[in-house]
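Visitor: return a 3D structure for these sequence lines:
(one chain, ligands or ions: 2)
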Amino acid sequence: MFGGEQEPDNYYVGIDVGTGSVRAAVVDQRGVLVAYSEQPIKKWEPQFNHHEQSSEDIWAACCVVTKKVVQGMDLSRIRGLGFDATCSLVVLDKQFRPLPVNHEGDSRRNVIMWLDHRAVSQVHRINETKHSVLQYVGGVMSVEMQAPKLLWLKENLKETCWDKARHFFDLPDFLSWKATGVIARSLCSLVCKWTYSAEKGWDDSFWKLIGLEDFVADNYSKIGNQVLPPGASLGSGLTPEAAKDLGLPTGIAVAASLIDAHAGGLGVIGADVRGNGLICEGQPVTSRLAIICGTSSCHMGISKDPIFVPGIWGPYFSAMVPGFWLNEGGQSVTGKLIDHMVQGHAAFPELQAKATARCQSVYAYLNSHLDLIKKAQPVGFLTVDLHVWPDFHGNRSPLADLTLKGMVTGLKLSQDLDDLAILYLATVQAIAFGTRFIIEAMEAAGHSISTLFLCGGLSKNPLFVQMHADITGMPVVLSKEVESVLVGAAILGACASGDFPSVQEAMARMSKVGKVVFPRHEDKKYYDKKYQVFLKLVEHQKEYSAIMNGD
Ligand SMILES: Nc1ncnc2c1ncn2[C@@H]1O[C@H](COP(=O)(O)OP(=O)(O)O)[C@@H](O)[C@H]1O
Ligand SMILES: O=C(CO)[C@H](O)[C@H](O)COP(=O)(O)O
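Guide: Residues are numbered from 1 along each chain as shown. Ligands and ions are numbered 1, 2, ... in the order given. I've put the predicted structure just below:
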């Protein structure tokens, strides 16, 4: 086991399956990322609110990126492999072949993605039961969880999918099965998305009540009756077949997986913050909130005792950091919303052309354009009369209302680049106000948060990071390794290898602080006013809906 900061001898492979792409990295025992590769994955949207993927396409992408990152390495120094992935639902038959999750019968598309909202009627009926398991998902089950999706499959694709299905996996568990042949599920996925309790196991009465008694009858073999903590070593490690696919040695340790947000949490939350002037230095780890910002944003707060926060998922025991309870707030589309607003604007082709000419990303270009047009005032003040409510895909937290929609107020006739840049800024700010709203709900229920730890694709955007600091009034810590979710996945591999005695130990050694961004307290009054408007927007939206639905 590792004591001090000796030269790295041992390496771990982390594989992170996000919504849009698969990433792999080789990470050393100090948490330094030495090789990285990324590959896009296919997505289908056959109908509005139906989002599907292919588990074979995802596995093939895992193989491509892993082979790339270990190319030229001494493979004997790779000690462990860890996976994390989005919490999408994978369906396989008795022979582990993909089954279609769509009316077209296309069995390539055997994954219902996490952001799929097809099971609206099913989730309403589940919530109407008011079953006690709902207390552990913030009081209201989300349409993005697995129970409503399973019920949808039973009610809509009985012959073509449901009757033939033998294995329903959360995507992180599918990947660890593919690598090891072990069908045991991770405590993380089952607790967070499937209503399993770390203390009491499955609740038969819930599944019977919602019409999925089938699972009880066969002792949950289709959804998992062997459960392991994240980071536990699976079976005999990597199978010869998977080793060949991935370009890794047979038998290396493979860990029970994590959902992607949870891997990001592990990658950032346990870092040693000494010497950065941060208030959380003298506080317990429960004062830290990890925010994993990709296609969606997930707000991961931990506590010693369970805290029930209305509209915030959890409390989940040991689902991220062993021995701690987890609450998970979230915003269902954040990166996807920014992309949507920018790409849908009339000035987008002009933006693209200008950004390409400067060899910049469109976001880097927009950030520098905002700096140009702000003149003497702080950049955030450009949106004094433009406000956005960001729930274009419903509200995950803290309102837990999937019927909510996006709103923009303050539109003008102009469609130029300035207009696009200011709309982009207002969208980024709206996402940060959503985070403030979530933090306030968590604090009202008993959390005490002082510092934010951001990771994920959006944390590469300095404007997004600064707005989170300014709008929440809290410092934002970024990791030394930008790809912290992959560090989290590698931490799992490191634990499975036995090189670290616990997840906590591996977290403390492998996650490192990079840049710290402090809030501009002098702008507080302005953001407090904008936050007042933000809260009014949703109030008004509810009033509009009451008017339209009234007699
Ligand atoms: N360099 C960057 N600058 C600004 N935004 C970025 C950058 N890289 C990624 N993003 C944003 O992050 C989002 C994707 O984040 P990522 O963590 O890759 O997502 P996922 O894990 O869901 O696949 C995109 O929607 C994009 O808006
Ligand atoms: O529900 C979630 C985590 O519990 C995430 O939103 C989901 O896994 C997708 O993550 P990402 O936006 O990073 O692709």
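
Visitor: run through the chain and note the low-pLDDT ranges.
Guide: 1-7 (pLDDT under 70).

Visitor: tell me the contacts of residue 190?
Guide: Neighbouring residues of residue 190 by CB atoms under 8 Å, 6 or more residues apart in numbering: 170, 196, 223-224, 227. No exception for glycine: its C-beta is placed from N, CA and C like everyone else's.

Visitor: from those, pick the one nearest ligand 2.
Guide: residue 170 (9.5 Å; CB to the nearest ligand atom).

Visitor: these two touch, right, the closest one and residue 259?
Guide: Yes. Using CB atoms under 8 Å, residue 170 is in contact with residue 259, at 7.3 Å.

Visitor: between the two, what contacts are shared?
Guide: With contacts taken as CB under 8 Å, 6+ apart, residue 170 and residue 259 have 85, 87, 189, 193 as neighbours in common.

Visitor: my read: the second one touches residue 259, true?
Guide: Yes. Counting by CB under 8 Å, residue 259 is a contact partner of residue 87 at 4.9 Å.

Visitor: neighbour count for the two, which is higher?
Guide: For residue 87 versus residue 259, the count of surrounding residues by other CB atoms under 10 Å is larger for residue 259: 29 against 23.

Visitor: please tell me how far that one sits from ligand 2.
Guide: Using CB to the nearest ligand atom, to the nearest Å, residue 259 is found at 5 Å from ligand 2.

Visitor: my guess is that residue contacts residue 83. True?
Guide: No. Counting by CB under 8 Å, residue 259 sits too far from residue 83 to count as a contact (10.3 Å).

Visitor: so which residues make contact with the helix or strand containing residue 126?
Guide: Take DSSP states H and E as the rule and residue 126 turns out to sit in helix 120-128. Applying CB under 8 Å, 6+ apart, the set of residues contacting helix 120-128 from outside is 49, 134, 140-143, 145, 147-149, 151-152, 155, 210, 402.

Visitor: hang on, the earlier thing: so can I have CSV of the contacts of residue 190 showing distance to ligand 1?
Guide: Below are these laid out as CSV (distance: CB to the nearest ligand atom, whole Å):
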residue, distance to ligand 1
170, 16
196, 24
223, 25
224, 24
227, 25
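
Visitor: what sits against the closest residue to residue 152 other than its chain neighbours?
Guide: Residue nearest to residue 152 in three dimensions, not counting chain neighbours: residue 119, with 4.0 Å by CB to CB, 6 or more residues apart in numbering. For residue 119, the contact set (CB under 8 Å, 6+ apart) comprises 143, 148-149, 151-152.

Visitor: mind putting the residues you listed into CSV with secondary structure and neighbour count?
Guide: Converted to CSV, the contacts of residue 119 look like this (DSSP: H, G, I helix; E, B strand; the rest coil; neighbours: other CB atoms under 10 Å):
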residue, secondary structure, neighbour count
143, coil, 25
148, helix, 25
149, helix, 26
151, helix, 21
152, helix, 22
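
Visitor: out of those residues, which touch ligand 1?
Guide: Among the contacts of residue 119, no residue sits close to ligand 1 (CB under 6 Å from any ligand atom).

Visitor: out of these, the closest to residue 425 would be?
Guide: Using CB to CB, residue 143 is the member of the contacts of residue 119 that lies nearest residue 425, at 30.1 Å.

Visitor: show me where the stretch 1-150 of the chain has its strands.
Guide: Assigned by DSSP state E, counting those that start in this stretch, the strands in the stretch 1-150 of the chain fall at 11-17, 21-28, 33-40, 44-47, 50-53, 78-85, 89-93, 111-112.

Visitor: turn these into a markdown table, including mean neighbour count and distance to ligand 2.
Guide: Shown next, in a markdown table, are those (neighbours: other CB atoms under 10 Å; distance: least, CB to the nearest ligand atom, whole Å):
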| stretch | mean neighbour count | distance to ligand 2 |
| --- | --- | --- |
| strand 11-17 | 30 | 8 |
| strand 21-28 | 24 | 9 |
| strand 33-40 | 16 | 13 |
| strand 44-47 | 13 | 15 |
| strand 50-53 | 22 | 11 |
| strand 78-85 | 29 | 7 |
| strand 89-93 | 23 | 12 |
| strand 111-112 | 27 | 12 |
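
Visitor: can I get the ones you listed in a markdown table including distance to ligand 1?
Guide: Converted to a markdown table, the strands of the stretch 1-150 of the chain look like this (distance: least, CB to the nearest ligand atom, whole Å):
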| stretch | distance to ligand 1 |
| --- | --- |
| strand 11-17 | 7 |
| strand 21-28 | 5 |
| strand 33-40 | 8 |
| strand 44-47 | 15 |
| strand 50-53 | 12 |
| strand 78-85 | 10 |
| strand 89-93 | 17 |
| strand 111-112 | 14 |
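
Visitor: and those strands as a markdown table, adding distance to residue 316?
Guide: Output for the strands of the stretch 1-150 of the chain, formatted as a markdown table (distance: least, CB to CB, whole Å):
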| stretch | distance to residue 316 |
| --- | --- |
| strand 11-17 | 20 |
| strand 21-28 | 25 |
| strand 33-40 | 28 |
| strand 44-47 | 30 |
| strand 50-53 | 24 |
| strand 78-85 | 16 |
| strand 89-93 | 18 |
| strand 111-112 | 22 |
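
Visitor: out of these, the one nearest residue 251 is which?
Guide: The closest of the strands of the stretch 1-150 of the chain to residue 251 is strand 78-85. By CB to CB, the value is 10.9 Å.

Visitor: paired strands for the closest one, with orientation please.
Guide: strand 11-17 (parallel), strand 253-254 (parallel), strand 258-259 (parallel) (DSSP bridges).

Visitor: circling back to that earlier point, how far is the helix holding residue 126 from where the chain is centred?
Guide: Chain-centre distance of helix 120-128: 23 Å, with CA atoms, centre = their mean, to the nearest Å.

Visitor: quick revisit: overlap in contacts of residue 87 and residue 259?
Guide: Shared contacts of residue 87 and residue 259, defined by CB under 8 Å, 6+ apart, are found at 170, 172, 189, 192-193.

Visitor: which of those residues ranks first by neighbour count?
Guide: If you count neighbours using other CB under 10 Å, the busiest of the shared contacts of residue 87 and residue 259 is residue 172, which has 33 neighbours.

Visitor: and the gap between the residue in the stretch 301-450 of the chain that ligand 1 sits nearest to and residue 19?
Guide: Distances between the stretch 301-450 of the chain and ligand 1 by CB to the nearest ligand atom are smallest at residue 335, namely 2.6 Å. Computed as CB to CB, to the nearest Å, the residue 335 to residue 19 distance reads 8 Å.

Visitor: same question for residue 182.
Guide: Distance, residue 182 to residue 19, using CB to CB: 26 Å.

Visitor: the two: which is more packed in?
Guide: Between residue 182 and residue 19, counting by other CB under 10 Å, residue 19 is the more crowded of the two (22 against 19).

Visitor: what sits against residue 225?
Guide: Contacts for residue 225 (CB under 8 Å, 6+ apart) come out as 202, 219.

Visitor: now do 10 Å
Guide: Residues in contact with residue 225 (CB atoms under 10 Å, 6 or more residues apart in numbering) are 183-185, 190, 196, 201-202, 215, 218-219.

Visitor: go on, residue 432?
Guide: So residue 432 contacts 297, 334, 380, 390, 463-472, 527, 530-531, 534 (CB under 10 Å, 6+ apart).

Visitor: nearest spatial neighbour of residue 402, chain-adjacent residues omitted?
Guide: Leaving aside its sequence neighbours, residue 402 sits nearest to residue 394 (CB to CB, 6+ apart; 3.5 Å).
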